[in-house]
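[1] sequence and predicted model, in that order:
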Amino acid sequence: MQITPADELARHYGIEGPLPNAPAQYNAPPSARLMVVRRDPRDGRRDLSPLRWGLVPHGAGDPKIGNRLTLARAESVATTPSFREAFARRRCLVPVDAFFEWKAETTPRQPYAVARRDRGPFGLAALWENWRDPASGNWMRTFAVLTHAARAPMAAIHHRMPVIVPADRQPLWLGEEAADVAALGALLAPAETDALELWKVHPRMNAARVDDAGILERWDEGTDAISARPADLFAG
């Protein structure tokens, strides 16, 4: 979920220059275009630009492979053929205000919203890639989000979770500081998540077409009542 305006994200991540139009996205599914923070190898500056979610490897013959490469396991990303080159050279951050996870053993699947307790934006570890359409010659930029084993409170609902990169480690992840395999491995290891809070939301958000602030409402399935609304949950 990305709802922080682009200009605020730019200030948060130290980005200068023209910014893309970035409408709020509450329920972004795979294949959506999301704002991504990258280091421009030409001048070393940070860049904020929209990339498609679902990594298409540089040498892929069909872009549909990106539908299967939305997530990359931190434990094997350095050696997996689809991800290893991007891991070595094209690491990035996906800034989010919250994300959603599902408790799969319920019917329908029960979604939860996950955000920082202070409701500030945070960066998910990701990889990006360039792919050129051999028919049109057009270039496509795509990304995949890294995951690792879940810690509390996430472990109560799912065994995996996105890798969250702490602010002081983001220069290393983006390639602004020298990083060897050991340093990157330590960064990707499951970390404590005391800064996170999760709450149950209404299953209506299971439909990707539902994209409004109401999907953040804290929901009580026993009474079908809303106990907290987005304005309260994300109040400054």
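    Received it, and whenever you're ready, just let me know what you need. Residues are numbered from 1 along each chain as shown.

[2] the closest residue to Pro162 other than its chain neighbours sits in which helix or strand?
    Closest residue in space to Pro162, ignoring its immediate chain neighbours: Leu124 at 4.6 Å, by Cβ to Cβ, 6 or more residues apart in numbering. For glycine as for every other residue, the C-beta is placed from the backbone atoms N, C-alpha and C. Applying DSSP states H and E as the criterion places Leu124 in strand 122-132.

[3] repeat that for Ala135.
    Ala135 belongs to no helix or strand, assigned by DSSP H and E.

[4] what ranges does the chain have for its strands?
    33-39, 46-53, 71-73, 91-96, 99-103, 110-116, 122-132, 139-149, 160-162, 164-165, 196-200, 218-220, 225-228 (DSSP state E).

[5] now the fourth one against strand 33-39, angle please.
    In this case it means strand 91-96. Here the directions of strand 91-96 and strand 33-39 differ by 140 degrees (axes from the mean of the first three to the mean of the last three Cα atoms, to 10 degrees).

[6] could you name the helices and strands sitting against strand 91-96?
    helix 6-13, strand 33-39, strand 122-132, strand 139-149, helix 170-174 (3 or more Cβ pairs under 8 Å, 6 or more residues apart in numbering; DSSP states H and E).

[7] out of those, which is closest to Pro108?
    strand 139-149 (22.8 Å; Cβ to Cβ).

[8] put the alpha carbons of the closest one into CSV.
    Once non-C-alpha atoms are left out, strand 139-149 reads as follows in CSV (Å, rounded to 0.1, in the frame of the first residue of the first chain):
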residue,chain,number,x,y,z
TRP,A,139,11.9,-1.5,-22.4
MET,A,140,10.0,-2.6,-19.3
ARG,A,141,11.3,-2.2,-15.7
THR,A,142,10.0,-4.6,-13.1
PHE,A,143,10.7,-5.7,-9.5
ALA,A,144,10.2,-8.5,-7.0
VAL,A,145,9.9,-8.2,-3.2
LEU,A,146,12.2,-10.2,-1.0
THR,A,147,10.7,-12.4,1.9
HIS,A,148,12.1,-14.2,4.8
ALA,A,149,10.8,-16.3,7.7
